Structure formats: C-alpha cells, structure tokens
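Trainee: here you go, sequence then predicted model.
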Amino acid sequence: MHLKPKYINIILNALLGASWAFTFYALLYGFFSIEANFFVKLINALIYAMAGLLLVLVLEVIYRFFINYELIKEQIKLLKELKNSD
C-alpha cells in the first residue's frame, strides 16, 4: 500500500497484518479445537476464519476509499488549473 500520508499507510498496514494474523490463528484454532473427522474440522476452521477475513475485507475497502479520495483530489486540482488557464 502506498498512500501519501505516511501515518495512514503505517496504520492500515499494521491493522492489515494483525487481521491476517488473526485469520490464520482462528483457522488453526478452529481446526484443532474439536475432535471430529477431517471434514467437520475443516468446516469449523473455515467458520472461525471468516471473522478474520471480514476484517481483511473491511481494511481493503478502507484502503480503496483512500485511493479514490487521493485520485479525486488530484483531478479537482487539475480541473481548477484548467479553469484558471482560460
């Protein structure tokens, strides 16, 4: 991720890393937490991992909103320059 304000970039990367770590931990916890056959363990692991994947998805959407904001801000600046050049 490369956003102009460095602090937003650092915060989003740290949160994204933490949410991926949470996803993998939940996946492992869901797999090893019950005693059943392989299929039931796999379904349980996927259910536990959904919370972490939801966090990853939310952070990716936030990142996309920041990118769109930067693009719109630059387009507005260019349009103002075009308007003033007349």
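Mentor: Looks like it came in fine. Residues are numbered from 1 along each chain as shown.

Trainee: C-alpha coordinates for stretch 37-50, PDB please?
Mentor: Extracted in PDB, the C-alpha atoms of stretch 37-50 (Å, rounded to 0.1, in the frame of the first residue of the first chain):
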ATOM      1  CA  ASN A  37     -13.400 -36.200  11.300                       C
ATOM      2  CA  PHE A  38     -11.400 -34.100   8.900                       C
ATOM      3  CA  PHE A  39     -14.400 -32.700   7.000                       C
ATOM      4  CA  VAL A  40     -16.000 -31.300  10.200                       C
ATOM      5  CA  LYS A  41     -12.700 -29.900  11.400                       C
ATOM      6  CA  LEU A  42     -12.200 -28.100   8.000                       C
ATOM      7  CA  ILE A  43     -15.700 -26.600   8.100                       C
ATOM      8  CA  ASN A  44     -15.200 -25.500  11.700                       C
ATOM      9  CA  ALA A  45     -11.800 -23.900  10.700                       C
ATOM     10  CA  LEU A  46     -13.400 -22.000   7.800                       C
ATOM     11  CA  ILE A  47     -16.200 -20.700  10.000                       C
ATOM     12  CA  TYR A  48     -13.700 -19.400  12.600                       C
ATOM     13  CA  ALA A  49     -11.500 -17.800   9.900                       C
ATOM     14  CA  MET A  50     -14.500 -15.900   8.400                       C
END
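
Trainee: show the average pLDDT along it.
Mentor: Per-residue pLDDT values over stretch 37-50 give a mean of 93.

Trainee: buried sites along that stretch?
Mentor: Buried residues in stretch 37-50, counted by 16 or more other CB atoms under 10 Å: 41, 44-45, 48-49. C-beta here means a position set from N, CA and C on the backbone, and glycine is covered the same way.

Trainee: what do you get for stretch 62-70?
Mentor: So for stretch 62-70, counting by 16+ other CB under 10 Å, buried means 63, 66.

Trainee: all set now, cheers.
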